[in-house]
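> Sequence and predicted model, in that order:
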Amino acid sequence: MKILIAKPGLDGHDRGAKVVAHALRDAGVEVVYSGLKRTPEEIVQDAIQEDVDVVGLSILSGAHVPLARRVIDGLRAAGAGDIKVVVGGIVPPRDIDELKSLGVARVFPMGTPLPRIVAAFTGQGEPSDSGGLGPASREASKMKGAGER
């Protein structure tokens with residue numbers, strides 16, 4: 001499993017993203033951290049170049065819906081719609097369904113325990129925690145996509 005953790009937009013606070021990145025790395029997940037103030041287009045480009053399974057967007061600014069939409073649309077337009085997108089940060093409960101309807105695989109609001117986040121990527125924990133984020137899920141998507149061509 002390889003994940004790109006990105007901070008889109010003008011949000012300059014990355015402590016939470018770094019804590020999550022370190023926890024995932026300690027659990028054996030390959031993590032690429034793209035840094036602060038990345039545009040959705042840069043994130044899409046980085047995700048494709050790094051051949052990641054998941055893009056994790058850390059957003060504290062309140063712009064999670066439009067930023068997630070731009071990243072997901074960009075991935076789909078580039079033929080990389082099999083790369084899952086998750087969102088973490090300050091996400092009001094009222095926005096979770098909208099994010100999921102855009103195609104966000106999982107939402108980790110502020111305060112989500114680190115073990116729950118790690119379990120979602122490693123499959124270690126409750127079966128409901130994995131949410132289909134592992135590499136086997138991406139491979140299945142690729143195979144399905146190949147059969148539909």
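Yep, that arrived.

> can you list the weak-confidence ranges in this protein?
Low-confidence segments of the chain, defined by pLDDT under 70: 125-132, 134-149.

> how many neighbours does the nearest residue to residue 40 once chain neighbours are set aside have?
Of all residues not flanking residue 40 in the chain, residue 70 sits nearest, at 3.6 Å (CB to CB, 6 or more residues apart in numbering). Placement of C-beta: from N, CA and C, glycine included. Per other CB atoms under 10 Å, the neighbour tally for residue 70 reads 19.

> Also residue 56?
Neighbour number of residue 56 under other CB under 10 Å is 28.

> For it, which three-state class applies?
State at residue 56, reduced to three classes by DSSP: H, G, I helix; E, B strand; the rest coil: strand.

> isn't residue 55 right up against residue 85?
Yes - between residue 55 and residue 85 there is a contact under CB atoms under 8 Å: 4.9 Å.

> Common neighbours of these two, please.
Common neighbours of residue 55 and residue 85, counting by CB atoms under 8 Å, 6 or more residues apart in numbering, are 71, 75.
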